[in-house]
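1. Have a look at this fold, sequence not included:
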């Protein structure tokens, strides 16, 4: 049985190549947001960006998914992503197929099975949202018709979007993740009050693959503004990409084979969540917050509820949600299994208040200032570059320790060395995204490896020396360490009296 090619016969939903790429023969030029022109063959971002693993909303906590990298550290299409077809529609086969060795005809490797898994189409819904001057945000059209999309009209068009011309929004809808592209076009219409606003979006069980369809959604929302009611490309897209959900009826697709986690970590080195992002997304995030990034790192590792406020556009703030999640990566087996999942909610509005009330740990962003008054919904509120909390037990964590400043200094030094190497040697193997993600991953692993060693020793007592071995300040990080021991279940460890408050 020949597996269905990712490139389906019905391709009239695909975006037409730009004029800069006549005939579609030239490779995609690195874009400011690293988007490829056609979602059907988008298997990674152009340019040098980190690649790795992604998280989905599968049951039992986060499960990893992997993207494939080529030799230069940039995302590349998996070799099995598409099957060329002949004129008769049959798959091309190697001329020497009969000469394949026994090893080549055996069961696919774990690597191949992971790629095969990742290539599954996972779009569960496609929709169009519009702004009506009388009724407000409205769901204009969707497939399938019986999909529960209640409230999606307020996620796909964020509060305050009338102030911007274009935007994109990542969000959650129940057990699904969504991506919507918004556009605002001036029109000579009294009924529409001089402006037509629409958003075209999709839902998937995982946000790790949504980036593939960014340019398609941008193109479709422009078409909807210019020719409202023309849905045939969206219908073709849905028929080509719709997900095959499991028969359990819970609406959740498992993100990755359970036995793939260890192999993926060994192969990719770090569990990066793969969504599209501008070149230098992580470096921009860290430069924006400066030394405060070390505060966010601790709060993310402690699985606190973090809410980021910023007026539209929303897209850049969704990237900050993604970056916050990257700070809490741990690749040591068995660590963090019992702690709350650090769930990315991306964009939230007042309709999400009831959902957030039940969350133990999350990171989200909003454009609605009223959330600041809902102090029971979050532990930490981030307004621009101001990180604040109303919880007395966390206030001391907002102060930088000497170890925090030293780590930030090392991080900036490593970045300068990387930039120098790229400028002098044309090095494209290493990216800033890799550097930052690996920096925090290694820091997290260092902490938990040391904790494990102390817990397994005859004298399970944390001393100043062991705390320094973790890269922490024995005095300034004492409260952070106590929170960490409690959350991750290191109940048998004793804390030396030497670790006193600063």
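-> Perfect, I can see it now. Everything numeric here is computed off the predicted structure, so don't read it as measured data. Numbering: from 1, shown residues only.
2. quick one: low-confidence parts of the stretch 351-500 of the chain?
-> Scanning the stretch 351-500 of the chain for pLDDT under 70 picks out 427-430, 497-500.
3. Helices along that one, start to end?
-> For the stretch 351-500 of the chain, the helices defined by DSSP state H, counting those that start in this stretch occupy 353-357, 392-395, 402-425, 432-455, 464-469, 478-487.
4. With respect to burial, which of these scores highest?
-> helix 432-455 (a mean of 19; mean count of other Cβ atoms under 10 Å). Placement of C-beta: from N, CA and C, glycine included.
5. tell me what that one is packed against?
-> helix 281-289, helix 292-301, helix 315-326, helix 402-425, helix 464-469 (3 or more Cβ pairs under 8 Å, 6 or more residues apart in numbering; DSSP states H and E).
6. again, only this time at 6 Å
-> Here helix 432-455 touches helix 281-289, helix 402-425, helix 464-469, going by 3 or more Cβ pairs under 6 Å, 6 or more residues apart in numbering; DSSP states H and E.
7. what about these, which gets the closest to residue 181?
-> Of all the helices and strands packed on helix 432-455, it is helix 281-289 that lies closest to residue 181, at 17.8 Å by Cβ to Cβ.
8. Let me see the mean pLDDT of that closest one.
-> Averaged across helix 281-289, pLDDT comes to 84.
9. what helices or strands is that helix leaning on?
-> helix 315-326, helix 432-455.
10. And stretch 287-296, what's buried?
-> Within stretch 287-296, the residues that count as buried by 16 or more other Cβ atoms under 10 Å are 289, 292, 293, 294, 295, 296.
11. For it, measure first residue to last.
-> 13 Å (Cα to Cα, to the nearest Å).
12. Same question for stretch 341-350.
-> Stretch 341-350: ends 22 Å apart by Cα to Cα.
13. Show me the contact partners of it.
-> 61-62, 154, 159, 169-172, 303, 314, 318, 321, 325, 328, 361-366, 368 (Cβ atoms under 6 Å, 6 or more residues apart in numbering).
14. what about burial for the residues you listed, which qualify?
-> 62, 154, 159, 169-172, 303, 314, 318, 321, 325, 328, 361-366, 368.
15. need the helices and strands packed on helix 281-289 in CSV with distance to residue 474, can you?
-> As requested, the helices and strands packed on helix 281-289 are exported to CSV (distance: least, Cβ to Cβ, whole Å):
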stretch, distance to residue 474
helix 315-326, 27
helix 432-455, 13
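16. so what's residue 382 bridging to?
-> residue 308, residue 387 (DSSP bridges).
17. Enumerate every residue touching residue 455.
-> Taking Cβ under 6 Å, 6+ apart as the test, what residue 455 contacts is residue 493.
18. For it, give its distance to residue 490.
-> 6 Å (Cβ to Cβ, to the nearest Å).
19. do residue 231 as well
-> 55 Å.
20. Of those two, which one has the most company?
-> Neighbour tally, residue 231 and residue 490, criterion other Cβ atoms under 10 Å: the higher count belongs to residue 231, 20 against 17.
21. What's opposite the nearest residue to the more buried one once chain neighbours are set aside in the beta bridge?
-> Spatial nearest neighbour of residue 231, chain neighbours left out: residue 141 (5.6 Å); criterion: Cβ to Cβ, 6 or more residues apart in numbering. Note on residue 141: beta-bridge partners by DSSP bridges are residue 128.
22. Just give the number of residues close to residue 141.
-> Neighbour tally, residue 141, other Cβ under 10 Å: 17.
23. Then residue 180?
-> So residue 180, with other Cβ under 10 Å, has 29 neighbours.
24. On the three-state scheme, it is what?
-> Following DSSP: H, G, I helix; E, B strand; the rest coil, we place residue 180 in the strand state.
25. State the distance from it to residue 207.
-> Plainly put, residue 180 is 12 Å away from residue 207 if you go by Cβ to Cβ.
26. As a check, name the ranges of all strands in the protein.
-> Using DSSP state E, the strands of the chain run over 53-55, 64-66, 125-132, 136-143, 166-173, 176-186, 195-204, 305-309, 343-347, 362-366, 380-383, 386-388, 461-462, 494-495.
27. what about the stretch 151-300 of the chain, any weak spots by pLDDT?
-> Along the stretch 151-300 of the chain, the model assigns pLDDT under 70 to residues 244-280.
28. let's see it at 90
-> 162-163, 185-195, 206-212, 242-287 (pLDDT under 90).
29. And the stretch 1-150 of the chain, by the same measure?
-> 1-122, 132-135.
30. One more pass at 80, please.
-> 1-121 (pLDDT under 80).
31. Dump the strands of the chain to a markdown table, plus distance to residue 418.
-> Shown next, in a markdown table, are the strands of the chain (distance: least, Cβ to Cβ, whole Å):
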| stretch | distance to residue 418 |
| --- | --- |
| strand 53-55 | 22 |
| strand 64-66 | 24 |
| strand 125-132 | 40 |
| strand 136-143 | 44 |
| strand 166-173 | 28 |
| strand 176-186 | 30 |
| strand 195-204 | 33 |
| strand 305-309 | 27 |
| strand 343-347 | 27 |
| strand 362-366 | 26 |
| strand 380-383 | 27 |
| strand 386-388 | 26 |
| strand 461-462 | 34 |
| strand 494-495 | 37 |
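32. Ok, which of those comes nearest residue 446?
-> Of the strands of the chain, the one closest to residue 446 (Cβ to Cβ) turns out to be strand 461-462, at 14.2 Å.
33. Sheet-wise, list the partners of the closest one with their directions.
-> strand 494-495 (parallel).
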